[in-house]
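K.L.:
3D model of this:
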Amino acid sequence: MIKNISVLGAGTMGHGIALAFSRFGYSVKLYDNNISYLNEVPSIIRSEAEQMVRGGLIGDADVDNAMANIELAPTLEGAAEGADFIIEVVPEILELKQEIFKTLDPLCGEETIFASNTSSLRLKDVIQPLSEKRKARSIICHWFNPPHIIPLVELSNYGNMPEDIFKEVYELFLSIEKKPIKINQDVAGLVSNRLQNALAREAFYLMEEGVADAEDINDAITYGGTAFRMSVAGLTEIVDMGGIDIWTSVAGNLWGDLEDRADANQFLLDMVKAGKLGLKTGEGFSVYPEDRRAEIKEDFNDRLIRHLRDIV
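P.N.:
Numbers count the residues shown, from 1 in each chain. The predicted structure follows:
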């Protein structure tokens, strides 16, 4: 039974994952090689938990309980000790992930399950340095930012892991009120990111061509057939409601005109070249004054929390 969780990497994703487990009673060790930053992380986690209190997702006592379940681990050896489930949340650099898992393999018990948060690297490559026995206890567990709020977690189901172990991992995520889905083939981007990028490619193309500006495209997504309906129903249910024959006719008329380039379009490249990277630089599709960036990010998470509260 999985009781002790170790999270490797305490950045944006890592500390949120630690909170997601700890608030449900799991003992969590949180590792980062930046010790000065690691020591600041508890205050960041507490702040995010308190935001969940204000949003009505958890109570005041839950914050202290969650914090009590988190232990900082300044070394990989310390993170490995007693771990039932280890998830790495380090940068998307194959060699870095391989080196961490290679180091951990002899440090962990035979039953420890290894997980990677990657969405762009293949599981077989990430776990290449591991023993065959450990490979059978390895899995992709892909979370979404902010991980303590977004329900979805994508789990690789590629056949390397016995069904009983996969079921144990699947039930682990159910126990922390996540919505796990099975990814049955090793494809780049898994499922959710592929769907999101298909939409993004068309949206950026429409902006580039001047069909509509960013604000109107956002409104089309938010209030039209995508986000508004899909916030309460999945795509296939929406298709069933409209009629598969109608959708088939529209596909025949429209799909040939949709954007299909393989690389990022010039519209995006020009924004990157100009340093317009979004919230972190103060300007992207919108402008974010430096003195309001923390407030803007908090408001974004507040909206996600309200939506989560409405659907759980």
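K.L.:
what sits against Glu88?
P.N.:
Going by CB atoms under 8 Å, 6 or more residues apart in numbering, Glu88 touches 8-9, 97, 100-101, 114-117. All C-beta spots, glycine's among them, are computed from the backbone N, C-alpha and C.
K.L.:
now the helices: where do they sit in the stretch 1-150 of the chain?
P.N.:
Here the stretch 1-150 of the chain has its helices, by DSSP state H, counting those that start in this stretch, at 12-22, 35-54, 60-68, 76-80, 94-104, 123-126, 132-135.
K.L.:
export the contacts of Glu88 to a markdown table and tack on pLDDT and neighbour count?
P.N.:
Conversion of the contacts of Glu88 to a markdown table gives the following (pLDDT from 0 to 100; neighbours: other CB atoms under 10 Å):
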| residue | pLDDT | neighbour count |
| --- | --- | --- |
| Leu8 | 98 | 27 |
| Gly9 | 97 | 23 |
| Lys97 | 97 | 24 |
| Ile100 | 96 | 23 |
| Phe101 | 96 | 23 |
| Phe114 | 98 | 23 |
| Ala115 | 98 | 25 |
| Ser116 | 97 | 25 |
| Asn117 | 97 | 24 |
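K.L.:
Asp257 - how many residues pack around it?
P.N.:
Residues lying near Asp257 (other CB atoms under 10 Å) number 7.
K.L.:
got the contact list for it?
P.N.:
Contacts for Asp257 were tallied using CB under 8 Å, 6+ apart; there are none.
K.L.:
tell me the confidence at it?
P.N.:
On pLDDT, Asp257 comes in at 95.
K.L.:
and Ser119, by the same measure?
P.N.:
89.
K.L.:
give the contact list for it.
P.N.:
Counting by CB under 8 Å, 6+ apart, Ser119 has contacts 140, 142, 154, 189-190, 193.
K.L.:
please parse the chain into its domains.
P.N.:
4-183, 194-311 (automatic domain parsing).
K.L.:
now, of the contacts of Ser119, which are buried?
P.N.:
140, 142, 154, 190, 193 (16 or more other CB atoms under 10 Å).
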